[in-house]
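Participant: sequence plus predicted model, see below.
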Amino acid sequence: MREAWGVPVTPSARAHREARFTSLYDANFRALLAYSLRRVDQPEDAADVVADTMLVAWRRLDDVPSGSQTRLWLFGVARRVLSNQHRSTDRRERLAERLRDQLSFAVMPDPADDVADVALADAALAQLSADDRELIQLTLWEGLPPRDIASVLGLPASTVRTRLHRARAQLRAGLGDVPGGAGHVRVGERMLAPEEGR
């Protein structure tokens, strides 16, 4: 003799319980499936509703009324299962929407999209002296203004501004003076404006 829910279950009681559930299932499955199919968008969702409803029926078999009330009781359970399913779907959709919003800011652009630009910028940078290249890189890659670059390099800010102006002009020439806008040059994802860093 085994126990279920703290109550001793004899083999005959277990067999009776299983027979009652099988009878309930056979008599109501089609009606319950039709009920569910009319209330969901996808057939697999209806199958989930029926499965969850029958699980409740098995667990609460002693509470299931007999006769014509059985199907109505099952419909009531299915209605609650559907309600829970809809709430869960709504939560998932809201979460997915938030995730899409966050990813739209977090996902970096595919570097392959700018291969030609990157190759052109690399070639133009390679034409600069090491010192001028460092100035451009500190400006574009690190986003530093001239006064901060002056601190990094240990130079007066006025010297940095002069050299940066000259390096920009050389870079622009190396890029073929192709503007990314009025007087701007695109290097990777940054736009280098003529007045930038002054």
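Facilitator: Sure, I can see it. The structure displayed is predicted, hence computed values, not measured ones.
Participant: is residue 33 in a helix, a strand, or coil?
Facilitator: Under DSSP: H, G, I helix; E, B strand; the rest coil, the three-state class of residue 33 is helix.
Participant: touching, it and residue 53? I think so.
Facilitator: No - in this structure, residue 33 is not within contact of residue 53 by Cβ atoms under 8 Å, at 9.9 Å. All C-beta spots, glycine's among them, are computed from the backbone N, C-alpha and C.
Participant: now the strands for this protein?
Facilitator: When secondary structure is read from DSSP state E, the chain shows strands at 2-4, 7-9, 185-187, 190-192.
Participant: show me which of residue 33 and residue 53 is the more surrounded one.
Facilitator: More neighbours surround residue 53 than the other of residue 33 and residue 53, with 26 against 17 (other Cβ atoms under 10 Å).
Participant: might you report the residue contacts of the more buried one?
Facilitator: Neighbour list for residue 53: 32, 36, 74, 77-78, 81 [criterion: Cβ atoms under 8 Å, 6 or more residues apart in numbering].
Participant: do that again at 6 Å, thanks
Facilitator: Counting by Cβ atoms under 6 Å, 6 or more residues apart in numbering, residue 53 makes contact with 74, 77-78, 81.
Participant: widest-spaced pair of the residues you listed?
Facilitator: Put simply, by Cβ to Cβ the two of those set farthest apart are 74 and 81, 10.2 Å from each other.
Participant: more neighbours: which of those two?
Facilitator: Comparing residue 74 with residue 81 by neighbour count (other Cβ under 10 Å), the higher total belongs to residue 74, at 25 against 19.
Participant: next one, pLDDT for the more buried one please.
Facilitator: At residue 74, the model reports a pLDDT of 93.
Participant: same deal with the one 5 residues further on?
Facilitator: At residue 79 the predicted local distance difference test score is 92.
Participant: how many neighbouring residues does it have?
Facilitator: Residue 79: 15 surrounding residues under other Cβ under 10 Å.
Participant: for the spatially most central residue of the chain, give its distance to residue 42.
Facilitator: Nearest residue to the geometric centre of the chain (Cα atoms, centre = their mean): residue 99, 3.8 Å. Residue 99 is 22 Å from residue 42, where distance means Cβ to Cβ, to the nearest Å.
Participant: now the top helix by length along the chain: how far from the chain's centre is it?
Facilitator: In the chain, assigned by DSSP state H, the helix with the most residues is helix 69-106. Here helix 69-106 shows a centroid-to-chain-centroid distance of 18 Å under the convention Cα atoms, centre = their mean, to the nearest Å.
Participant: ok so, going back, out of the contacts of residue 53, which is nearest to residue 16?
Facilitator: Of the contacts of residue 53, the one sitting nearest to residue 16 (Cβ to Cβ) turns out to be residue 74, at 19.8 Å.
Participant: check the residue nearest to residue 54 when sequence neighbours are not counted and give its pLDDT.
Facilitator: Leaving aside its sequence neighbours, residue 54 sits nearest to residue 25 (Cβ to Cβ, 6 or more residues apart in numbering; 6.2 Å). Here, the pLDDT recorded for residue 25 equals 95.
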